[in-house]
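**Q** Build the 3D model from these lines:
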Amino acid sequence: MPAPLRLRLDGDALVRNWQTLDRMSGTAACGAAVKANGYGLGATQVAARLATAGCRDFFVSNWQEAAELAPLGLTVSVLHGLRAEDMPAALAGFARPVLNTPAQVARWKGAGGGACDVMVDTGMNRLGVSADDIADGLLDGLAIETVMSHFACADERSPMNAVQRDRFAALSGATGARRMSLANSAGIALGEGYAFDLTRPGLALYGGVPRAEYASRIETVASPEAQVLQCRTVPAGQTVGYNATWTACRDSIVAIVNLGYADGYFRGFSDRGVALVSGNPAPVVGRVSMDLLAIDVTDAGPIAEGEWISLDFDLPTAAASSQMSQYELLTSLGSRYDRFWT
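**A** Predicted coordinates:
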């Protein structure tokens with residue numbers, strides 16, 4: 001059955017965003033993080049488009065995600081490494097583990113595993129082996145394709161960025177890895193000295209702007225759309241929605257739309273979000289509820305039951321309005337949308 005809400009996805013914008021990030025990566029190769037189902041947009045569709053555009057390195061979080069990409073025959077790295085129960089998948093060879101702990105290293109060595117990647121902690125204190133582990137010979141005997149680390153503060157002007165870069169650079173030649181990789185989307189914007197051999201953008205591929213350097217260079221990829229369920233006239237002085245947070249200051253035409261916080265359009269958009277009706281802005285009024293929201297279309301032009309409206313989902317603007325991060329907005333777009341690539 002066709003859904004009453006859809007996610008319009010701009011494949012050309014996705015590719016152009018990757019090409020922008022590839023240019024900004026300088027001589028480094030530019031990969032793509034497609035974890036969390038391609039940041040909510042559909043990992044298989046995203047990866048296929050980027051591979052056609054020239055992307056050669058893809059990153060997911062776990063082996064279930066890697067298995068979904070296996071039919072595409074891509075070079076995939078699994079960022080969370082491998083548990084004991086992941087070993088059959090890892091040894092099947094359709095993706096490489098990114099080893100994060102001494103236990104994972106021992107597990108891979110004990111199984112006679114082949115090529116792998118390794119994560120090194122340079123200050124985030126999340127995942128990764130330590131420089132001391134490396135100095136003590138932990139990685140000896142591994143066939144390491146890429147050694148990588150991850151920025152903690154690349155989206156900010158922080159002295160920690162240079163500290164992590166220098167700690168990572170000090171590992172050059174110490175691991176036997178063919179490549180070094182540090183920069184995520186925000187890290188790419190820090191400049192050439194941060195790119196090393198391979199960059200791993202995520203958010204900016206999908207329309208996110210993690211640093212001001214990307215303003216006007218990154219294009220919106222995802223645009224939620226939904227059908228109007230009912231149009232009603234709300235007389236001046238009457239309220240709309242739960243807790244009566246919006247009062248009509250004039251006789252108003254309000255469209256009730258088949259979309260809500262269960263679809264990733266969060267309560268933070270209440271009285272703050274913006275819809276587009278034939279290109280004209282129309283404010284979200286009242287509380288966003290689980291499956292419904294109300295839009296004041298009085299000045300936006302006529303609209304009828306069954307017609308489609310789109311939500312303004314420019315990620316920096318939407319994040320400021322909703323007080324949610326750009327990452328949360330993307331990855332929370334729910335399964336009830338029909339996804340259409342254009």
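**Q** going forward, measure contacts and count neighbours with C-alpha atoms only.
**A** Fine.
**Q** what's the distance between the one helix or strand residue 46 maps to and the middle of its chain?
**A** Residue 46 is part of helix 43-53, with elements assigned from DSSP states H and E. Here helix 43-53 is found 14 Å from its chain centre; the criterion is C-alpha atoms, centre = their mean, to the nearest Å.
**Q** Export only the CA atoms of that helix, formatted as CSV.
**A** This file holds the C-alpha atoms of helix 43-53, laid out as CSV (Å, rounded to 0.1, in the frame of the first residue of the first chain):
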residue,chain,number,x,y,z
ALA,A,43,22.5,2.2,2.8
THR,A,44,22.3,0.1,-0.3
GLN,A,45,20.9,2.9,-2.5
VAL,A,46,23.5,5.4,-1.1
ALA,A,47,26.4,3.1,-1.5
ALA,A,48,25.5,2.1,-5.0
ARG,A,49,25.3,5.7,-6.1
LEU,A,50,28.5,6.7,-4.5
ALA,A,51,30.3,3.6,-5.9
THR,A,52,29.2,4.6,-9.4
ALA,A,53,30.6,8.1,-8.7
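**Q** list the buried ones in it?
**A** By neighbour count on 16 or more other C-alpha atoms under 10 Å, the buried set for helix 43-53 is 43-44, 46-47, 49-51.
**Q** and what of stretch 102-114?
**A** 104-105, 107-109, 113-114.
**Q** do stretch 61-73 as well
**A** In stretch 61-73, counting by 16+ other C-alpha under 10 Å, buried: 61-63, 65-66, 69.
**Q** can these go into TSV with extra columns for distance to residue 312 and pLDDT?
**A** Listed next are the buried residues of stretch 61-73 as TSV, based on distance: C-alpha to C-alpha, whole Å; pLDDT from 0 to 100:
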residue	distance to residue 312	pLDDT
61	29	98
62	32	98
63	34	98
65	29	98
66	32	98
69	31	98
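**Q** Tabulate the residues you listed (a markdown table), appending distance to residue 219 and secondary structure.
**A** Supplementary listing: these in a markdown table, determined by distance: C-alpha to C-alpha, whole Å; DSSP: H, G, I helix; E, B strand; the rest coil:
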| residue | distance to residue 219 | secondary structure |
| --- | --- | --- |
| 61 | 25 | coil |
| 62 | 28 | coil |
| 63 | 30 | helix |
| 65 | 26 | helix |
| 66 | 27 | helix |
| 69 | 25 | helix |
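**Q** Which of the buried residues of stretch 102-114 fall within helices?
**A** Of the buried residues of stretch 102-114, the ones assigned to helices by DSSP state H are 104-105, 107-109.
**Q** follow-up on the earlier one: what is the nearest of the buried residues of helix 43-53 to residue 262?
**A** residue 43 (20.9 Å; C-alpha to C-alpha).
**Q** Distance of the nearest residue to that closest one once chain neighbours are set aside relative to residue 98?
**A** Leaving aside its sequence neighbours, residue 43 sits nearest to residue 37 (C-alpha to C-alpha, 6 or more residues apart in numbering; 4.5 Å). Relative to residue 98, residue 37 is positioned 19 Å away (C-alpha to C-alpha, to the nearest Å).
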